[in-house]
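**Student:** Predicted model follows, preceded by the sequence.
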Amino acid sequence: MSDAPEVTRATQIGITWFAPAFDGGSPVDYRLWSDSATNGATYTTIIDKHPSLSFTVTGLSKGATYKFKVEARNKYGYSLLDS
C-alpha cells in the first residue's frame, strides 16, 4: 500500500476524500475501512492514523466489489462512521 493514489487496476484502487469542513482547531488524520468483498457487511480497518487525503489500496481480488469508508480524527476523537 502506498500513500499516493495510483491508476486503478484489477487488484488496486486509488481513493481520495475531502477534509472535514471543521477540524476542531487541531490536526486531522484518517482511518480507512473496507468491506470484506465476500458479504459486504463486515468492515475492517485497512489503514489508521493516515495523514493525507488519499491512499492506494492494493491486494484486491479481480472482479470483486468493495465498499470503503473514511473517518476523520482530531484530538477530540473520530468522526461518525456512516453505516
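**Tutor:** It's in.
**Student:** List the backbone torsions phi and psi for residue 56.
**Tutor:** Main-chain dihedrals, residue 56, degrees, to the nearest 10: phi -110, psi 120.
**Student:** Wait, it touches residue 11, no?
**Tutor:** No - using Cβ atoms under 8 Å as the test, residue 56 is too far from residue 11 to be in contact (10.9 Å). All C-beta spots, glycine's among them, are computed from the backbone N, C-alpha and C.
**Student:** which one of these two has more residues nearby?
**Tutor:** Taking other Cβ atoms under 10 Å, residue 56 and residue 11 do not tie; residue 56 has more neighbours (17 against 12).
**Student:** I'd like the distance between the more buried one and residue 47.
**Tutor:** Separation of residue 56 from residue 47 (Cβ to Cβ, to the nearest Å) stands at 10 Å.
**Student:** same thing with residue 64?
**Tutor:** Distance from residue 64 to residue 47, by Cβ to Cβ: 19 Å.
**Student:** what's the first-to-last distance across stretch 7-15?
**Tutor:** End-to-end distance for stretch 7-15, by Cα to Cα, to the nearest Å: 10 Å.
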